[in-house]
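Chemist: how would this look folded up:
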Amino acid sequence: MKNDLLKIGQLAQIVGVLPSTINYYTNEGLLKSDGRSQGGYRLYKKVKAIKQIKRIQFLKDKKRLRIDEIKKVIKR
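Modeler: Numbering: from 1, shown residues only. This is a model prediction of the structure:
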């Protein structure tokens, strides 16, 4: 189960965004962390987080939605 969890830096590297982008998405409520490491780092479930970030990026880049619009789409 632990292997399923990634720190922000690991997740950022996989999806090709900056760690600050993941922090921003988390703080905006677009991405939920799935716990904390012993060191206090946010942890994300690998498959779920990658899928969600790709969805956010698609809505932002391809559909040209603003963050407030993306929030509405995601919360449906």
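Chemist: contacts, neighbours, all on C-alpha from now
Modeler: Fine.
Chemist: what is the mean pLDDT for the longest helix seen in the chain?
Modeler: The longest helix of the chain (DSSP state H) is helix 46-57. Computed over helix 46-57, the mean pLDDT rounds to 97.
Chemist: quick one: contacts of it?
Modeler: D4, L5, L6, L11, I14, V15, L30, L31, I70 (Cα atoms under 8 Å, 6 or more residues apart in numbering).
Chemist: Tally up the residues packed near the second one, please.
Modeler: Residues within reach of L5, counting by other Cα atoms under 10 Å, total 22.
Chemist: the helices in the protein, which residues?
Modeler: Going by DSSP H, the chain shows helices at 8-15, 19-27, 46-57, 67-74.
Chemist: right, so of those helices, which gets closest to Q38?
Modeler: The minimum distance between Q38 and the helices of the chain falls on helix 8-15, with 14.2 Å, by Cα to Cα.
Chemist: what's the nearest residue to G35 if we skip its chain neighbours?
Modeler: L43 (5.2 Å; Cα to Cα, 6 or more residues apart in numbering).
Chemist: Once you drop chain neighbours, what's closest to G9?
Modeler: Using Cα to Cα, 6+ apart and skipping the chain neighbours, the partner closest in space to G9 is P19 (5.5 Å).
Chemist: Count the residues that sit near that neighbour.
Modeler: 16.
Chemist: Just confirm it contacts K7, I think it does.
Modeler: No - counting by Cα atoms under 8 Å, P19 stays clear of K7, with 9.4 Å between them.
Chemist: How about the contacts made by the residue lying closest to L5 once chain neighbours are set aside?
Modeler: Closest residue to L5 apart from its sequence neighbours, by Cα to Cα, 6+ apart: K45 at 4.6 Å. Going by Cα under 8 Å, 6+ apart, K45 touches D4, L5, L6, S33, D34.
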